[in-house]
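Enquirer: Give me the fold of what follows.
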Amino acid sequence: MIHTLLFLNLGACCLIVLSALWLVTDHSKTRVVRMCFGLIMCGAFVNVVALWSAFEQFHPDHPITWPPETMLNLGSSILLGRWAFSSLRPGRAASPPG
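Expert: Residues are numbered from 1 along each chain as shown. Coordinates of the predicted model:
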């Protein structure tokens, strides 16, 4: 169970980093929205580094992630991934968050 949560959380945080990085470069968004994406990207990147280093230094059975945290990151990654994917489509702008 802990292995699954760890890798789900790590994968979700990686997707958040990539999606937010892509959305930071989307000039159809306002500057404030892009700054918020940058902050989200920084926070998710810190999560990726922390999860990876905790996995490397401790035994994988060490409980370093909680189910609510994993579900929150998974939902956020799906939402940001959808917005990033929508911004790739030509002629169709992604709906702004909020």
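Enquirer: Can you get me a residue count around Met35?
Expert: 12 (other CB atoms under 10 Å). To be clear about C-beta, it is placed using only N, CA and C from the backbone, and glycine gets the same treatment.
Enquirer: correction: Glu56
Expert: Neighbours of Glu56 (other CB under 10 Å): 8.
Enquirer: Relative to Leu6, how far out is it?
Expert: 12 Å (CB to CB, to the nearest Å).
Enquirer: same check, this time on Gly43
Expert: Taking CB to CB, one finds Gly43 at 18 Å from Leu6.
Enquirer: Looking at those two now, which is surrounded by more residues?
Expert: Between Gly43 and Leu6, Leu6 has the larger neighbour count (other CB under 10 Å), namely 21 against 14.
Enquirer: Surely that one touches Phe55?
Expert: Yes. Assessed by CB atoms under 8 Å, Leu6 is found in contact with Phe55 at 6.3 Å.
Enquirer: Grab the nearest non-local neighbour of Ala84.
Expert: Ser19 (4.1 Å; CB to CB, 6 or more residues apart in numbering).
Enquirer: Show me what the helix or strand harbouring the one you found packs onto, helices and strands only.
Expert: Per DSSP states H and E, Ser19 falls inside helix 2-24. Counting contacts by 3 or more CB pairs under 8 Å, 6 or more residues apart in numbering; DSSP states H and E, helix 2-24 packs against helix 31-57, helix 67-88.
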